[in-house]
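# Predicted model, plus sequence, below.
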Amino acid sequence: MTMIIAANLGEYVLLAADKRKVMIGSDGLISDIISDNEKKISFNDNLAITGMGYVEILDEFKSLLLKTKIENTDTFLSLAKKIYDSRTISSEYKFSTTKYVITYKTQLNDDVLLNIGIIEASKPNQLIKVDKVIVLGRDTKDIDSILMKLLKEKLKIPDKDTFNDGQLLLENIMYNRQVFLEMFKFVSKPVSGVSPNADFIVITKKHKSYFMGD
């Protein structure tokens, strides 16, 4: 299972995914916890990709995305469609329960915009754009709206002065990272498929993406 939190804070996007890898039984339920050190986010200078669902589908999408020149968001959809079109009948269920989460930059005149998008693997013709905050987890649906409300209340959005001061920006990122971690720890207690540990990627308007482990 995977729990994902992402927030578009204007001057940067913070993306996090928990680190638990589990084995799923034939009944679709967790049969074993394999690891709490799984890296689920891939990234390059301008985007980051993670997702929830079946690893083999997610890994194929990540691999294609990171080695393809991104012209615009249609590129995301064409890659998702390519993978979906190659599916077998037996994998239809896997695609229906898999989602890709992408954080990326776009150019608007002289400004850089930061974006969060979701593509359902079984609906590769649609990119769902997220406005501010998203929480995703197959087994956390009942509390996702509560977590989103808490995040919107607790997260600190950096202003221009903060973004232009390296120390203040780092303090802001570390504060928001801690808010995210509190959410993972909170959910991990009742949901065995979610780890209290998470990896983080920061994407800013001006700089390369960078990784922060738990």
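Nice, I can see it.
# just the strands in this structure please.
Ranges of strands in the chain, per DSSP state E, are 3-8, 12-18, 21-24, 30-35, 42-43, 47-52, 99-108, 111-120, 128-130, 133-137, 198-204, 210-212.
# Low-confidence ranges, the chain, go.
1, 22-34, 214 (pLDDT under 70).
# again, 50 this time
Counting by pLDDT under 50, the chain contains no low-confidence residues.
# hmm, back to that, turn the strands of the chain into CSV, columns for distance to residue 151 and mean neighbour count.
In short, each C-beta sits where N, CA and C put it, glycine included. Output for the strands of the chain, formatted as CSV (distance: least, Cβ to Cβ, whole Å; neighbours: other Cβ atoms under 10 Å):
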stretch, distance to residue 151, mean neighbour count
strand 3-8, 7, 25
strand 12-18, 10, 25
strand 21-24, 25, 15
strand 30-35, 26, 12
strand 42-43, 21, 19
strand 47-52, 17, 24
strand 99-108, 15, 19
strand 111-120, 13, 17
strand 128-130, 12, 13
strand 133-137, 5, 21
strand 198-204, 14, 22
strand 210-212, 18, 13
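# and of these, who's closest to residue 168?
strand 12-18 (12.6 Å; Cβ to Cβ).
# mind checking how far stretch 79-93 is from the chain centre?
Distance, stretch centre to chain centre, for stretch 79-93: 21 Å (Cα atoms, centre = their mean, to the nearest Å).
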